[in-house]
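Undergrad: when you get a sec, could you give me coordinates for this:
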Amino acid sequence: MSGLFALLTFLALSSGDAKPHAGLKTWGRFSKLPYPGDKAFLYDTFPSDFIWAVGTAAYQVEGAFEKDGKGLSIWDTFTRGGNRMATGDVGSDSYHNIHADIRAIRQLGVTHYRFSLSWSRIFPNGTRGSYNEIGTNYYRTLIKRLKEIRVQPVVTLYHWDLPEHLQQSLGGWSNPELVEIFKDYSDFCFHEFGDDVKYWITIDNPFVVAQHGYGTGVVAPGIKNDPDLPFRVGHNLLKAHAAAWHLYNRHYRPRQQGKLSMALASHWIKPRRTRLESLRECQCSLDHVLGWFARPLFADGDYPPCMRERLGSRLPSFTQEEREQVRGTADFFALSHGATLSFQLINDSLKFGQLEDLDLRMLLYWVNAEYDKPPIFVVQSGWYVLGNTKTEDPKHMYYLKRFIAEALKSIIIDGVNMIGYTAWSLIDGFEWHREYGIRRGLYYVDFNTPDMKREPKTSATFYRNVIHKNGFPELPENRPAQGMFPCDFAWGVSANSIQVETTPTQFADPNVYLWNISNNGELIKLEGVSAPPLHRATHCADYATIRQQVDEIRQVGVNHFHFSLNWSALVPTGDVAYPNTTLLGYYRCFTRQLAQANVTPVVTLWHHTRQRSNLPTLLDTANRWLNRKTPEAFADYARLCYREMGAHVKMWITLNEPNDEMVSYQEGHQMLRAHALAWHAYDREFRHTQRGQVSLALHMDWVEPAFSFSREDVEPAKRVLDFYVGWLAEPIFGSGDYPMGMRSWLRQLNSLELPVFNAEDRQLVRGTYDFFAMSHFSTKLVTHAKEDSYTYTEMLEVQHMIDTTWIMSPRPVVPWGLRKALNWVKQHYSDVPIYVMANGVQEDPARFKDSLRVYYLYNYINEALKAFTLDGVNLKGYFAYALNDQRDPGFGLYGQVHEEVIVKASLSNYRNIIQHNGFPIPGASLQQCPALPQPCSGCHILIRRPVVGFLTLVGSGVLITLGLIIYYTAKRHKEYY
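TA: The predicted structure follows:
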């Protein structure tokens, strides 16, 4: 407890100071934000003057490495050494394709284009004396073309490609002489291009240049023999940047009015444990990567104390004059984030035992807090796909969506002064140490064509739409609906099973007790004394577990309860002539008690689980559902249940979620026959007296095209729905046969696995429903573009994926998927009545204030309301899943600690929605629904046995009459005497 107090005290003190280490409050601040509301997608727009940019780097895209007088760079040399397989000699050949790049930039609609100058193209040997006019003209032309399409250039002076001559003659950035050489190169660039450039980046990602160019040797120039050299290189890079900034500030800013900074890249890090030590290690990790360069520029002109403490004399020192020279030499915070650094170039030693993450929003907040709210321009952000990916790159698209959405939240919610965002990169190119193994472009480059043909990817279309809308403006379908469901709407709760008590507990204790009524009211057990055995029939009231469960269900406020029977336990041998009468009686009592409590039982005859078949032993050991006798045995079992429980059960589910991918097509065929036989048995033998309804329940998570504007993704989504929902739905609710799309696809694969309906079976199965019941939990995306073999389904040729902006627990929480699923049923099967028979989310059972489930139920039910009121879906009922954690761990509205039942927050919220029958419009007149009859605890006598009840009433009257006669006769005798 003392450690927690120390942590809170430290964070409180840290959050009060602007600096140093004001960023330390970031982790605590985000841990306290409301969950999951803060994780929900934010629909809003960016400021009107927000900078939308796209970028490239010279060596990655220009090519023409020896053309028109260009000198060699360290990358030209580096890619020809060691085990490297490819070079950037040609890259994307942007040097010869200005027109193609300009066309792509114009199509995107960006306001700014970030590119870098090739130092060795302008000064082949790195100094002014080697000036190359033709190379300089290339950049003049590029800037001129950008101005023509009204796009502002963001120019990087140095993006990792140092002239080779400077490396060979001076040792590159390890030599302090490069400070003045870089200053002179910058002077030339400011003079030549500065009138048209308002944003300058001096050096890109100095961490990679120093740490991996002169430390690990992963990138050019590939030096790795001196562990202290990276820190000396970083020192020189900072001085070179400061020299260029002061030069610009004194000689060019008054006229050109531009801004200048250094592009700093960073990962994000989260604590492995919520302890002060872990937070300090996170802060130190960021200091060693981002703070290494950011603190000298934006704080006190010196390195972070954490670096000094751990590196000691290995870290160079600034004189007081040098500190003043470096401090404040950035007009904005240029931040790079994404694949360039994260998960690739941060080794474990710099994580200090903590966990790396991709959270751009928290990184932005940390920079904002740590460096006193500077204007932040994200000058590089994005992700990557594999090198064999062509124009369909939904993975990259959804990472872009995630990063842009986090940037929007940082502005709207966190108050971060973010001024721009740069998607990386414009086109595919040479990806440094990854060569051509990955692609990061918004435009696909076909490296095998002479003109390096560019084609927009799905990520380009997405980014163009975001820019056009300036973010993610809220649409009508994104807003919560207001309205109510009809009065007869079925509100329910589901459970896979119920607690069964085969021995009544009400009179199970034979001991005799004395009631100490005069003292403390305790019961005192009389030792050695027991009551005589009771010789009476078991009553439903004897089962304490039934009373408890029915009471719990009533507290939810529902009018329906869905649960499953256990076929293998009810009919262990498979022969309905020998049922488990005790268990059958318990189920009968349970349904009767529900009905008496005005809760309609919805009973599933067979619930599919992957763990066990739940079939009687003889069927379980004899081919299970492939046994031709199983459907007939199931129909007999259904008749038993209809006969024994049908008086109280008015909704039956024959098979619950049989459409599992682990079920073979042959098994599914027999399951359809079993369902149909059970449905016909009810229809012919029981419906006219019991007046109930029968159907089956299908699992139906929604399947969304990863890129909804692409036919190539729309078709795979339809295919998946055909194979997982239409497979068992179409024979019953549609044509009486399997979906045409399913048959044609399997025929195309030369597969004969899908059975053929004969005329008899088609007639047997088709139309065997009274309603459409679905279980819906989540949504997934599919695309035809293969990216990850672990989530790729070869047979269907679809890649499964998720939108990285979705809330996860552990499946994605996507409320609008329910509305789309309901509309799919409506479009395919017309006006069929629909029940959402199970809908819920898994959450830590220890969280009794289950805010995720509160959010989930509210939003999913709201989407169901939209489907009903706006789309005309014939929705008849909604069942939350599940009743309690004891039977369905992690899904319950009730929790449990030892023997104590805990009411979770979600239960109260669900009950409130039920009480209002939806989401009524404020101020609107109340919905007038007929009141339900109140449950009567003693009325079951009249309900079950009316003759006995009548005789009981008559007998009571006779006894009362006799008593009165005897009383008055005795009174008259007394008066006579």
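Undergrad: residue 849 reaches residue 903, doesn't it?
TA: No: with contacts defined as C-beta atoms under 8 Å, residue 849 does not count as touching residue 903, sitting 11.0 Å away. Using the backbone N, CA and C atoms, a C-beta is placed for each residue, glycine as well.
Undergrad: the two: which is more packed in?
TA: For residue 849 against residue 903, the residue with the higher neighbour count under other C-beta atoms under 10 Å is residue 903, and the figures read 15 against 9.
Undergrad: run a quick neighbour tally on the closest residue to that one other than its chain neighbours.
TA: Counting by C-beta to C-beta, 6 or more residues apart in numbering, the nearest residue to residue 903 once its immediate chain neighbours are dropped is residue 894, at 6.4 Å. The burial count assigned to residue 894 is 22, neighbours taken as other C-beta under 10 Å.
Undergrad: tell me where the stretch 101-250 of the chain has strands.
TA: For the stretch 101-250 of the chain, strands defined by DSSP state E, counting those that start in this stretch occupy the ranges 112-116, 152-158, 199-204.
Undergrad: for these, give me TSV that also has mean neighbour count, distance to residue 692 and mean pLDDT.
TA: Output for the strands of the stretch 101-250 of the chain, formatted as TSV (neighbours: other C-beta atoms under 10 Å; distance: least, C-beta to C-beta, whole Å; pLDDT from 0 to 100):
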stretch	mean neighbour count	distance to residue 692	mean pLDDT
strand 112-116	26	67	98
strand 152-158	24	70	98
strand 199-204	26	71	98
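Undergrad: which of those sits closest to residue 250?
TA: When the strands of the stretch 101-250 of the chain are ranked by proximity to residue 250, the top entry is strand 199-204, at 14.5 Å, counting by C-beta to C-beta.
Undergrad: name every strand pairing with that closest one and say which way it goes.
TA: Here strand 199-204 has these sheet partners by DSSP bridges: strand 152-158 (parallel), strand 259-265 (parallel).
Undergrad: list just the one of the ones you listed that sits closest to residue 710.
TA: Comparing these under C-beta to C-beta, the one sitting nearest is strand 152-158, at 31.0 Å.
Undergrad: now what about the closest one, what contacts it?
TA: Residues from elsewhere that reach strand 152-158 (C-beta atoms under 8 Å, 6 or more residues apart in numbering): 53, 55, 57, 111-117, 119, 142-143, 146, 182, 185-186, 189, 193, 196-204, 244, 263, 379, 422.
Undergrad: and it, how far out from the chain's middle?
TA: Mean-position distance between strand 152-158 and its chain equals 37 Å (C-alpha atoms, centre = their mean, to the nearest Å).
Undergrad: now the helices for the stretch 201-350 of the chain?
TA: Using DSSP state H, counting those that start in this stretch, the helices of the stretch 201-350 of the chain run over residues 206-207, 213, 229-251, 253-256, 276-286, 292-298, 305-311, 320-326.
Undergrad: quick check: buried residues in stretch 467-486?
TA: Of all the residues in stretch 467-486, those buried under the rule 16 or more other C-beta atoms under 10 Å are 467, 471, 472, 481, 483, 484, 485.
Undergrad: circling back: isn't the residue nearest to residue 903 up against residue 883?
TA: Yes: A contact is recorded between residue 894 and residue 883 when judged using C-beta under 8 Å, the distance being 6.4 Å.
Undergrad: ok, residue 497 - how many residues close by?
TA: Other residues near residue 497 come to 14 when the count uses other C-beta under 10 Å.
Undergrad: what's residue 780 in contact with, if anything?
TA: Applying C-beta under 8 Å, 6+ apart, one finds that residue 780 lies in contact with 701, 702, 703, 704, 800, 801, 802, 812.
Undergrad: using the three-state scheme, assign it.
TA: Judged by DSSP: H, G, I helix; E, B strand; the rest coil, the three-state class of residue 780 is strand.
Undergrad: check it and give its pLDDT.
TA: According to the prediction, residue 780 has pLDDT 96.
Undergrad: could you single out the most deeply buried of the helices of the stretch 201-350 of the chain?
TA: Highest mean neighbour count of those: helix 213, a mean of 29 (counted as mean count of other C-beta atoms under 10 Å).
Undergrad: lovely, talk soon.
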